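Chemist: The amino acid sequence is not available; the structure is as follows:
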Ligand SMILES: Nc1ncnc2c1ncn2[C@@H]1O[C@H](COP(=O)(O)OP(=O)(O)OP(=O)(O)O)[C@@H](O)[C@H]1O
Ligand SMILES: Cc1ncc(CO)c(N)n1
């Protein structure tokens with residue numbers, strides 16, 4: 001049976017992030033992709049020019065339509081925009097008992113536009129995160145969620161532990177916003193073991209949609225039945241190759257290449273994984 005993956009997120013007209021990144025990733029990873037659109041954004045490589053939320057009933061109905069007929073082996077959330085939308089998704093998650101829920105706590109776009117209202121952060125923490133198999137914050141999002149500062153490796157570990165206490169089965173803190181000595185390090189924690197996934201920094205401005213693509217790859221891998229650490233490790237290979245072969249299109253930060261591993265199967269990803 002073809003594994004089925006559902007994304008609940010915003011649409012990026014520029015095609016590099018949001019729903020579009022998720023569906024391209026699901027397709028590349030041999031899963032059947034479905035989508036629930038929470039908001040339409042007018043967006044390109046230069047930024048977000050407009051945000052148009054879908055009305056609550058429309059979001060509720062999209063989820064019901066997909067779930068009552070087709071079902072999903074894994075579900076990802078991206079841009080949820082406000083607390084009302086978070087409430088609907090959380091209620092549906094409880095009702096359908098999604099076992100593989102990946103929550104990417106999207107707050108701000110790469111270009112700096114707000115994709116989540118400030119007053120919605122508490123709803124994310126109290127209603128959705130406790131139901132997640134994994135949450136995938138970047139460093140600014142982790143600071144918002146915990147109120148902690150993140151400078152040292154110990155800060156990262158403490159922050160990840162604090163987020164784990166919010167009730168998700170695992171936490172992945174992405175390191176793209178704090179590169180150090182030519183390395184980018186993501187930290188995965190499942191309540192027992194820390195996994196440091198370290199790769200060489202790629203010198204490119206074309207990183208639009210990296211977070212969405214990474215979380216979508218984790219979702220596809222979970223839909224295929226991979227255990228969490230393996231789903232994350234494979235997704236990391238996928239996103240790294242996608243950044244390596246990213247596209248210089250548009251005038252700003254271009255999108256990643258979702259087909260990179262298929263088109264360039266010889267791509268070498270020098271990833272080191274340390275556990276403690
Ligand atoms: N220049 C880079 N070189 C190598 N890896 C990178 C680079 N930039 C980001 N990454 C990786 O891409 C993934 C997404 O990282 P990041 O922390 O930027 O997420 P994000 O901020 O949610 O993404 P987005 O820009 O889509 O909002 C992480 O695994 C990160 O390590
Ligand atoms: C719709 C949408 N979701 C998420 C992101 C985060 O990259 C974005 N830029 N646009």
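Modeler: Looks like it came in fine. Please read all numbers here as calculations on a predicted model, not as lab measurements. Ligands and ions are numbered 1, 2, ... in the order given.

Chemist: Can you tell me the SS state at the residue lying closest to residue 130 once chain neighbours are set aside?
Modeler: Distance criterion Cβ to Cβ, 6 or more residues apart in numbering; nearest residue to residue 130, sequence neighbours excluded, is residue 167 at 3.2 Å. Glycine gets a C-beta too; all of them are placed from N, C-alpha and C. Of the three states, residue 167 takes coil under DSSP: H, G, I helix; E, B strand; the rest coil.

Chemist: and what of the one 10 residues further on?
Modeler: Assigned by three-state DSSP, the conformation of residue 177 is coil.

Chemist: separation between it and residue 156?
Modeler: 12 Å (Cβ to Cβ, to the nearest Å).

Chemist: tell me the mean pLDDT over stretch 73-87?
Modeler: In this model, stretch 73-87 has an average pLDDT of 97.

Chemist: likewise stretch 261-274?
Modeler: 89.

Chemist: what about it, start to end distance?
Modeler: Terminal residues of stretch 261-274 lie 24 Å apart, using Cα to Cα, to the nearest Å.

Chemist: Show me the strands in the stretch 51-200 of the chain, by range?
Modeler: Counting by DSSP state E, counting those that start in this stretch, one finds strands in the stretch 51-200 of the chain at the ranges 74-77, 101-103, 134-135, 171-173, 183-189, 194-200.

Chemist: Redo those strands as JSON lines? Include mean neighbour count.
Modeler: Converted to JSON lines, the strands of the stretch 51-200 of the chain look like this (neighbours: other Cβ atoms under 10 Å):
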{"stretch": "strand 74-77", "mean neighbour count": "30"}
{"stretch": "strand 101-103", "mean neighbour count": "29"}
{"stretch": "strand 134-135", "mean neighbour count": "27"}
{"stretch": "strand 171-173", "mean neighbour count": "26"}
{"stretch": "strand 183-189", "mean neighbour count": "20"}
{"stretch": "strand 194-200", "mean neighbour count": "18"}
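
Chemist: out of the ones you listed, nearest to ligand 2?
Modeler: Nearest to ligand 2 among the strands of the stretch 51-200 of the chain is strand 74-77; the distance by Cβ to the nearest ligand atom comes to 10.5 Å.

Chemist: What segments of the stretch 1-150 of the chain are helices?
Modeler: With DSSP state H, counting those that start in this stretch as the criterion, the stretch 1-150 of the chain has helices at 18-28, 56-69, 83-96, 121-123, 139-146.

Chemist: Show me what the second one is packed against.
Modeler: When contacts are defined as 3 or more Cβ pairs under 8 Å, 6 or more residues apart in numbering; DSSP states H and E, helix 56-69 sits against strand 4-12, strand 32-44, helix 83-96.

Chemist: ok, so what distance separates residue 234 from ligand 1?
Modeler: For residue 234, the distance to ligand 1 (Cβ to the nearest ligand atom, to the nearest Å) stands at 12 Å.

Chemist: For my notes, confirm that residue occurs in a helix.
Modeler: Yes: Residue 234 forms part of a helix when assessed by three-state DSSP.

Chemist: All good on my end, thank you.
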